[in-house]
Every structure is written in structure tokens, then in C-alpha cells.
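Kindly generate the corresponding structure for this input.
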Amino acid sequence: MTAADRDAAVAQAAAYVDDGRFEAELAQRVAIPTESQKGAERLADLQRYLDAEIIPAFEAMGFACRVFANPVDGMGPVLLASRIEDEALPTVLGYGHGDVIRGLEDQWTKGQGPWTLARDGERLYGRGTADNKGQHTINMAALRTVLETRGRLGFNAKMIVEMGEEAGSRGLREVIEANRAAFAADVFVGSDGPRVDPARPTVTLGSRGVQNFDLICDLRAGGHHSGNWGGLLANPGIVLAHAIACIVDSRGAIQVPEWLPPPIDDELRTLLADVEPDPGDAGVAVDRDWGEPGLTPAERVYASSSFNVLAFETGTPQKPVNAIPPRAWAHCQLRFFAGVDADDVIPALRRHLDRHGFDRVQVAPPPAANAGGFPAAHTPPSHPWARWVRDSLARTLGATPAVLPGMGGSICNDIFTDLLGLPAIWLPHSYAGCQQHAPDEHVLLPVCRSAMQVMAGLYWDLGSGETPK
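Below is the predicted model of the structure:
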């Protein structure tokens, strides 16, 4: 096979988007409401997604499919599709998730709601278009393109499609731990998250960890008249607001020392020197004076920690009354880079609150629907596989891709790096303005076209016989 054959495969991959096949295939997958956060209510749909869409597509490419029941009640199954051409060839483990966040049907303002794929110019709207149905659809189609062009892959391919990532990937570790031989590989290459810039393909070498938790200040039973009792009773909303203010300052800088990773070293600083987060035309701009001081925007999101209050409630927000409320509640989240001890996130917070006199503020587990947590994990940029993948993308693009030490979001990356011992490399096919996890989620067709070319070139190169040993 020659360079011309590689070029033909890349061109054929682009045609898959240009001629509407990608849109048609994705529409069928978006139509299945795979909301894993709804638990048992959606289990039949989670299974149907695999049975109707994913397993037939893999089997048509000569993959053997095995579905593992999830050991956690209410969580969706895990699919492993494998095509072993020769045990002596390198084995590549891939990943995608077929479950999606809640549809939020009544909040969509674009397209035709979450379960109908709708095109508007270069945008495809629908739940899962970006996270993650569109991304694994691209990777599966790129595999198919190489098979059609070369007649074989030239490497062994395994692909995980789990149905519970949006509910914290609960049960995935247990499935893989109990079946390590089935999931064994030489390298992990998956797709999730956004590119750093819609026009710039991105190699991501890890993910930030995440820990969600609730802060509760519950002082008494029932509300009390704010005139008769004002100045006599502590207000839990004010107490909780000050507790949060001791966790993070007014510019978003974290005040809990244990939550911050080691200082960014020269290798990572150099890696991020030419990276500028770009949300595209999403109508939102980076607040350059927000977050950890002394860091660039890229360093803040790809190599540091961030704390956010996702919800805050005290009293009766929709119908305020003149009463001192009895209770205040905040749902909070820490995203943290490699080097932060995930097991110490909550204990460190408890120590910090106690030092600052907030013993009346409880730290509690979050609601089950948003309880998922992941450790941080990271593959060094100098790893031979990381360099090899970067070079493959550059060969396809004729330009150097962005290389990030970690995605801003969080995913089950530690399972591949720590449990399976693999270098883990992510090639995201979305962009920061895609509105994943929100109404009006969408992908950009130019990004999808570029992603198809990148993945076809990468899968072609994986079968070239010139991979790292």
C-alpha cells in the first residue's frame, strides 16, 4: 500500500460527511433516548441502542461483540467489540459512550428537540451529537473506511461502548477488572470532549478528575419572622455564602491548598504555550481575570484545578417570604489535575472549613443523579505513543495539532492508564461551544469532516507496521 492509498482512504472518509451518510447514521442514533441519569427508566433504551445501532455496525465490519451486564443496579450495559486479525499485531483499545445527559425537552430553542437530528447550516442539533454519539460514530466509520480501502485494518481493534458515562461510569471498572484479558491492548485511543479550537485538531493526554459534593447549613426547624427574629437568629444562607467564600476567592482562586496540583513544569508550560481556548461562535468569551492567578487560560483549564458552585438554594426562591430560612444548600464541584489526591478532596475540605470556623456547615454526598466522580490521570507528552499519534495527525493535516496534558472535563481515563496500564490518548471531535450537557447541543459539520480525515489517517497508520514497539 502506498501514500496514494492512504490519501484515498482519507478522501473517502471526508466523503462520508459530504454526501450525507454521517448525518443519516447519526440521526438514527440520536433518536434513541439513552438518558442514563434516569436509571432503570431508560435501561431498555440503553440496551436497544447497542442492539439496534452499534452491534450490527460492528458485526458488519467483522467484529465479535460481547455485552457485559453492569454489576451496579440501574446502570446500563458495557459492549466490547473486537476484531483480532493477528495476535502478533498491535492491539488498539477505543472507547465511546452511547448514553447521554438528560434531554431537557422543554428547554430547546434550536432544531427540533433532543431526539430529532436537525441541520441548520453547518450545525447538527440533537442530544448526543457532540457527547458522544457523534464522536464514536465518526471513529466507527473511519474504521470501516480503512477496511474498505485496504481490505483489512492491519492491527487488532477493540472498542468499548459503555452506556453509563453520564452517570459516572459506575460499574465499568468492575467489568474491566473482572475481564482484564478481554480488554488487554497496547495503547488506548478514544474520543470525547472538545478540541481546543474548532479549526485545530487536538491530542489530549489525560483528563481532570472530578468530585461533586453538597454543602448544607441546617440550623433549625422552620422559618422565623425576619422582623421579630432578625439580628437574633443566624441566617444559614449567609453562613453558607461565607463558607464558600473561604473555599474560593472573589476571582475564582482556590483557597484549599490540597486541591491544587504541583506547579506546572517547563514541559507542560511549553506544550500549552501556543494553545488558546476558543469556544467558536458560541457567544461566550473567556474571563481572563478569573481562576488561578499567574496561569494562562490554557493552563487553568488543561493543567490546574477549578471549583464551581452549580446550584445554591435558601428559603423559597420562587416565592420569597419575610422569614429567616432554616436551611441553605449548595451543590458544588471540584475539577482537579493529576497530582491532587482524589481520596483527600473531601477530608481536606472538612479540615479547611473547621479551621475557618464553619463547623456548622456539613459536607454531604451529592444527589445520586449527579454523584459520579473520576480521579485525574495523565500520559506524559514524551511517551512514544503520544508522539506517534501526534505525528500521524500532522501527516494528515500538514500542520501540527494542539497537544493538551489533559481535557478540561473528566472521564474514566484512569481505568485505562492505572487499571490496564496503557498510554491513553484522546482525539476529541467536538468544540467548546457545542452546548453539551445543555439544551441545543450540536456539532459542526466542518469539525466532523476534519475528524473523519484525522481518524482514517490514524487507523491507516496503525496498520502500517511502523507503530511504537
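
Enumerate the beta-bridge partners assigned to Arg195.
Tyr431 (DSSP bridges).

what is the rounded mean pLDDT of stretch 386-398?
Taken as a whole, stretch 386-398 carries a mean pLDDT of 96.

do stretch 156-163 as well
Computed over stretch 156-163, the average pLDDT equals 98.

do the same with stretch 274-285
Per-residue pLDDT over stretch 274-285 has a mean of 77.

Could you list the alpha-carbon positions for stretch 206-218 in PDB?
As requested, the backbone C-alpha atoms of stretch 206-218 are provided in PDB (Å, rounded to 0.1, in the frame of the first residue of the first chain):
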ATOM      1  CA  GLY A 206      -5.400  12.800  30.100                       C
ATOM      2  CA  SER A 207      -8.400  14.200  32.000                       C
ATOM      3  CA  ARG A 208      -9.000  16.200  35.100                       C
ATOM      4  CA  GLY A 209     -10.600  14.400  38.000                       C
ATOM      5  CA  VAL A 210     -13.900  15.500  39.400                       C
ATOM      6  CA  GLN A 211     -15.600  15.400  42.800                       C
ATOM      7  CA  ASN A 212     -19.200  16.600  43.300                       C
ATOM      8  CA  PHE A 213     -20.500  17.300  46.800                       C
ATOM      9  CA  ASP A 214     -23.200  19.200  48.700                       C
ATOM     10  CA  LEU A 215     -22.600  21.800  51.400                       C
ATOM     11  CA  ILE A 216     -25.500  22.100  53.800                       C
ATOM     12  CA  CYS A 217     -26.100  24.600  56.600                       C
ATOM     13  CA  ASP A 218     -29.200  23.300  58.500                       C
END
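
okay, now the closest residue to Ser306 other than its chain neighbours: neighbour count?
Spatial nearest neighbour of Ser306, chain neighbours left out: Arg335 (5.0 Å); criterion: Cβ to Cβ, 6 or more residues apart in numbering. Backbone N, C-alpha and C define where each C-beta goes, glycine included. When neighbours are counted by other Cβ atoms under 10 Å, Arg335 registers 23.

how far away is Arg335 from Ala303?
According to Cβ to Cβ, to the nearest Å, Arg335 stands 11 Å off from Ala303.

any idea which residue of the chain is furthest from its center?
Asn228 (50.1 Å; Cα atoms, centre = their mean).

And it, what's its pLDDT?
Looking at Asn228, the pLDDT reads 97.

List the contacts of it.
Contact criterion Cβ atoms under 8 Å, 6 or more residues apart in numbering gives no residues in contact with Asn228.

Ramachandran coordinates for it?
phi -70, psi -30 (degrees, to the nearest 10).

With His442 instead?
Dihedral angles for His442 - degrees, to the nearest 10 - are phi -160, psi 170.

does it really touch Gly111, like I thought?
Yes: at 7.4 Å, His442 and Gly111 qualify as touching, with contact defined as Cβ atoms under 8 Å.

Show me the common contact partners of these two, please.
Tyr125, Gly126.

more crowded one of the two?
Higher neighbour count among His442 and Gly111: His442, with 26 against 21, using other Cβ under 10 Å.

I'd assumed Ala338 was in contact with Ser305.
No: counting by Cβ under 8 Å, Ser305 stays clear of Ala338, with 10.5 Å between them.

Give the residues shared as contacts by these two.
In contact with both Ser305 and Ala338: Pro261, using Cβ under 8 Å, 6+ apart.

Next, the residue nearest to Arg21 when sequence neighbours are not counted: secondary structure please.
Distance criterion Cβ to Cβ, 6+ apart; nearest residue to Arg21, sequence neighbours excluded, is Ala141 at 7.8 Å. At Ala141 the chain is in helix, as set by DSSP: H, G, I helix; E, B strand; the rest coil.

Surely Ala141 touches Glu23?
No: using Cβ under 8 Å, Ala141 makes no contact with Glu23, being 11.7 Å away.

Would you map the helices across the stretch 51-200 of the chain?
Using DSSP state H, counting those that start in this stretch, the helices found in the stretch 51-200 of the chain span residues 55-60, 133-150, 172-178, 180-183.

Now do the first one: distance to the chain's middle.
Here the centre of helix 55-60 is set off from its chain's centre by 25 Å, with Cα atoms, centre = their mean, to the nearest Å.

Give the buried residues for it.
For helix 55-60, the neighbour count (16 or more other Cβ atoms under 10 Å) marks Ile55, Ala57, Phe58 as buried.

Please verify my assumption that the first one contacts Cys65.
This points to Ile55. Yes: because the distance of 4.8 Å satisfies Cβ under 8 Å, Ile55 is recorded as touching Cys65.

Spit out the residues that contact the two alike.
Leu79, Ala81.

circling back: quick one, which of the helices of the stretch 51-200 of the chain is packed in tightest?
helix 133-150 (a mean of 24; mean count of other Cβ atoms under 10 Å).
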